[in-house]
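Engineer: just need the structure, nothing else, for what follows:
(chains A and B)
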Amino acid sequence: MTSNHDPQQLNEILAGYVLGNLDEVELAWLNEQLAVNPQLREKIKQLEATLTLIPYSLPENIPNSYLRDKILAKARPRVDRSHNFNRLGWIVSAVTALTTLWLGINNQGLRQQLANTNDRLQQHQELIVLLRQPNNRLVSFKGLDKLPKASGSLFIVPEEKKAILALQNLEPLSGKQVYRLWAVSQGKTTGCANFTPDEKGTIHLKLSNDALNDANSLLVTVEPEANTAQPQGNPILTGSYSL
Amino acid sequence: MNLEYRDLLPSGNTNLNPQKTDEEIFELFQKGNVDALGVIYDRYGLLVYRLIYRMLNNSQEAEDLTQEIFISLQKKPNYNPQRGSFYTYLMMLTRSRTIDCLRSKRYQGRFFLNRGKMKDLISKQNYASPLERATIDERANQVRNALEYLSPNQRQVLELSYYEGLSQSEIAERLNLPLGTVKTYSRRGLLKLRKNLQNLVN
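Structural biologist: Down below sits the predicted model:
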C-alpha cells in the first residue's frame, strides 16, 4: 500500500473498514492515515450512517401493536413498583398501628369501665350486705330555715361500724368552709365527718365512726374550717331516726 | 442524522418535545424518563423490527429481539454521541445483536431450517402515527431508489454482507466470485449509496 493514494482508493479503504473487510495491510495503512488525518473519522461516520439506512428499503412488515407497550412496561423502573408497594405497605402498617393504638386505648377504656363497674358492683354488694344486717338504722335529714330544700339520709350498720350518708340540695361553700356531721348523744356533740358537696349539691359518703352508733340525734352544720371540735355554725340539717 | 421533522407526541409529556433530536430524547431516557423510550420506539422501532425480521425470518424472534435491544438501551447504554448519531448506533447495535443471534442459530443448525419455512403472517396493524409512517415511507423510497442505482452485483453483495452477516470469503464462495471482486463490489456499492443518500446522511 503506497502513501501516495488517490481519493478513490482512500474512500474504498474507508468503505472496506466500515464493511469490515479490510485485510491486515489495508488496516495498518488506514491506521497510519487516521493518525495523521483525524478528519477521516468523519467520513467513516458517514459511511456507517449510510450502511444503517439500508433497512429503510425493507418490506413493510409490522410487529404486533402490543410490542411497544410491552417494551415500555418492561422498561418501567421496578423501583416505582416497589415504591408503590412500600407506600402501600407503609399505609397498611400505619393503619395497623393506628388500629392497634385505637384498640389499645379502647381496651384501656374497657378495662377502666370494667374496673368501675366492678367497683360499683362491689359497692352494691357491700350495700346489700349492709342492708341485710338485722340492727340497721336509718336517719332522715331535713333542711332547716337556711336550707329548707336540703334533705337526705344516713344508713347506719352497727355490726359493721359503718354508715352511709347521702344528702342533696346542699349549697356550695366558699373558702375553707365545710359541712360537718355531728352525733349528739346524752348532751354531748361529737364531730363525725367533714364533707363538701359536688356541683349538684349532693354528697355520698361512707363513714365508720363509733359515735354514730350511740347517737340520739344528728346535726349538719357549716363550719369555718374542717375538724372543729364543737359546732361553731348553726345547724342547717337535723336528722332523726326513722328505723 | 439530521431528521427533518418530529411528530407530535401522543403523550402530554412536555419534556418530550417533538422538535428534540434523537440524542436529546435518549438523554432524557437515560435520566429516567421512560416515556422517552416510547418516542425512540415510535421513531425507529419499525426499522429495528424489520431489520431483525429480514435477518432472522421469524416474526416472534424478531419481536423478542426488538424488545431485548430496546431494553438493552436502558441496561447498557453504551451510546457515545462523539461516535455518530443515535440512529446509526441503534441500527449498528441491532445488526450486531442479530448477527450474534444468526451465528448462534447457525451453530445450532436451526437457521437453515427456518430458511425453508413459509414467511410468518405479519400483522398489518399500524401502530405508528401517520406522520411517522410518512417519514419512514419517504426515506424508504429514497433508500430503495438509491439501491436501484447500484449494480445488481453491488446490491447483492452488500445485502448478503449486511443482512446475513456473511464474511466476504463466504459471499465469494456462495456467488462463486473472486474475493477481491466481492470486496470491490461491496466497497464501491457503499460509496455510491453514500453519494445517493447524501441528504439523509448529513
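Engineer: need the residues of chain A near chain B, please.
Structural biologist: Applying C-beta under 8 Å from any C-beta of the partner chain, we find that chain A lies next to chain B at A:11-12, A:15-16, A:18-19, A:21, A:45-65, A:67-68, A:70-72, A:74-77. For glycine as for every other residue, the C-beta is placed from the backbone atoms N, C-alpha and C.
Engineer: could you pull up phi and psi at A:Gln177?
Structural biologist: Dihedral pair for A:Gln177: phi -60, psi 140, per degrees, to the nearest 10.
Engineer: circling back to that earlier point, from the residues of chain A next to chain B, list just the buried residues.
Structural biologist: Taking 16 or more other C-beta atoms under 10 Å in any protein chain shown as the criterion, what is buried in those is A:11-12, A:15-16, A:18-19, A:21, A:45-58, A:61-64, A:67-68, A:70-71, A:75.
Engineer: now intersect the residues of chain A next to chain B with the helices, please.
Structural biologist: In helices, defined here by DSSP state H, the members of the residues of chain A next to chain B are A:11-12, A:15-16, A:18-19, A:45-51, A:67-68, A:70-72, A:74-75.
Engineer: A:Asn64 is in contact with B:Thr66, isn't it?
Structural biologist: No - judged on C-beta atoms under 8 Å, A:Asn64 makes no contact with B:Thr66 at a distance of 10.4 Å.
Engineer: can you list contacts of stretch A:174-186?
Structural biologist: A:154, A:165, A:167, A:170, A:173, A:189-197, A:203, A:207, A:209, A:211-212, A:214-226, A:228, A:231 (C-beta atoms under 8 Å, 6 or more residues apart in numbering or on different chains).
Engineer: nearest residue to B:Ile71 other than its sequence neighbours?
Structural biologist: With C-beta to C-beta, 6 or more residues apart in numbering or on different chains as the criterion, B:Ile71 has its nearest non-adjacent residue at 5.7 Å, and that residue is A:Lys74.
Engineer: was I right about the one you found contacting B:Thr66?
Structural biologist: No - between A:Lys74 and B:Thr66 there is no contact under C-beta under 8 Å: 11.8 Å.
Engineer: B:Met92: which element?
Structural biologist: In the assignment (DSSP states H and E), B:Met92 maps to helix B:86-108.
Engineer: is any residue of that helix near chain A?
Structural biologist: Yes - shown here: helix B:86-108 in contact with chain A (C-beta under 8 Å from any C-beta) through B:87-88, B:90-92, B:95.
Engineer: buried stuff in that helix?
Structural biologist: Residues of helix B:86-108 classed as buried by neighbour count (16+ other C-beta under 10 Å): B:86-95, B:97-99, B:101-102, B:105.
Engineer: from the residues you listed, which is closest to chain A?
Structural biologist: B:Met91 (3.6 Å; C-beta to the nearest C-beta).
Engineer: tell me who's in contact with the closest one.
Structural biologist: Going by C-beta under 8 Å, 6+ apart, B:Met91 touches A:52, A:55, B:44, B:47-48, B:51.
Engineer: make it 6 Å
Structural biologist: Taking C-beta atoms under 6 Å, 6 or more residues apart in numbering or on different chains, we find B:Met91 in contact with A:Thr52.
Engineer: repeat for the one 5 residues further on
Structural biologist: For B:Ser96, the set of contacting residues under the criterion of C-beta under 6 Å, 6+ apart is empty.
Engineer: which stretches of chain B have low pLDDT?
Structural biologist: B:1-16, B:18, B:106-131 (pLDDT under 70).
Engineer: 50 instead?
Structural biologist: Within chain B, the stretches with pLDDT under 50 are B:1-12, B:110-126.
Engineer: is whichever strand or helix holds B:Ile40 positioned near chain A?
Structural biologist: In this structure, B:Ile40 sits in helix B:34-56 according to DSSP H and E. Yes - interface with chain A: helix B:34-56 contributes B:34, B:37-38, B:41, B:47, B:49-51, B:53-54 (C-beta under 6 Å from any C-beta of the partner chain).
Engineer: separate out the buried members of those.
Structural biologist: Buried by 16+ other C-beta under 10 Å: B:34, B:37-38, B:41, B:47, B:49-51, B:53-54, out of these.
Engineer: can you check the pLDDT for A:Leu130?
Structural biologist: Note for A:Leu130: predicted pLDDT of 63.
Engineer: ah, wrong one, I meant A:Gln133
Structural biologist: Listed pLDDT for A:Gln133 reads 68.
Engineer: what's the helix or strand for the residue nearest to the spatial centre of chain A?
Structural biologist: Geometric centre of chain A, nearest residue: A:Leu101, 5.1 Å, by C-alpha atoms, centre = their mean. Using DSSP H and E, the element containing A:Leu101 is helix A:78-131.
Engineer: can you name the next helix or strand after that helix?
Structural biologist: strand A:137-143.
Engineer: what helices or strands is that following strand leaning on?
Structural biologist: Judged by 3 or more C-beta pairs under 6 Å, 6 or more residues apart in numbering or on different chains; DSSP states H and E, the packing partners of strand A:137-143 are strand A:151-157, strand A:235-241.
Engineer: give me the pLDDT for A:Val101.
Structural biologist: Careful, residue A:101 is Leu; it's not Val. At A:Leu101, the pLDDT recorded in the model is 76.
Engineer: relative to B:Leu175, how far out is it?
Structural biologist: Applying C-beta to C-beta, to the nearest Å, the value for A:Leu101 to B:Leu175 is 82 Å.
Engineer: count of neighbours near B:Tyr44?
Structural biologist: When neighbours are defined as other C-beta atoms under 10 Å in any protein chain shown, B:Tyr44 has 21 of them.
Engineer: what's the answer for A:Arg120, then?
Structural biologist: By other C-beta under 10 Å, 10 other residues sit near A:Arg120.
Engineer: look up how far chain B lies from it.
Structural biologist: From A:Arg120 across to chain B, the span is 66 Å (C-beta to the nearest C-beta, to the nearest Å).
Engineer: state the distance from that residue to A:Gly109.
Structural biologist: 16 Å.
Engineer: and for A:Ile156?
Structural biologist: Computed as C-beta to C-beta, the A:Ile156 to A:Gly109 distance reads 37 Å.
Engineer: kindly report the same for A:Trp182.
Structural biologist: As judged by C-beta to C-beta, A:Trp182 and A:Gly109 stand 42 Å apart.
Engineer: higher neighbour count, those two?
Structural biologist: Taking neighbours as other C-beta under 10 Å, A:Trp182 and A:Gly109 compare with A:Trp182 leading, 23 against 10.
Engineer: helix, strand or coil for the more buried one?
Structural biologist: strand (DSSP: H, G, I helix; E, B strand; the rest coil).
Engineer: which residues does it bridge with?
Structural biologist: In this entry, A:Trp182 is beta-bridged to A:Gly191, A:Leu219, by DSSP bridges.
Engineer: got the domain ranges for chain B?
Structural biologist: Domain segmentation of chain B under automatic domain parsing yields B:1-126, B:149-202.
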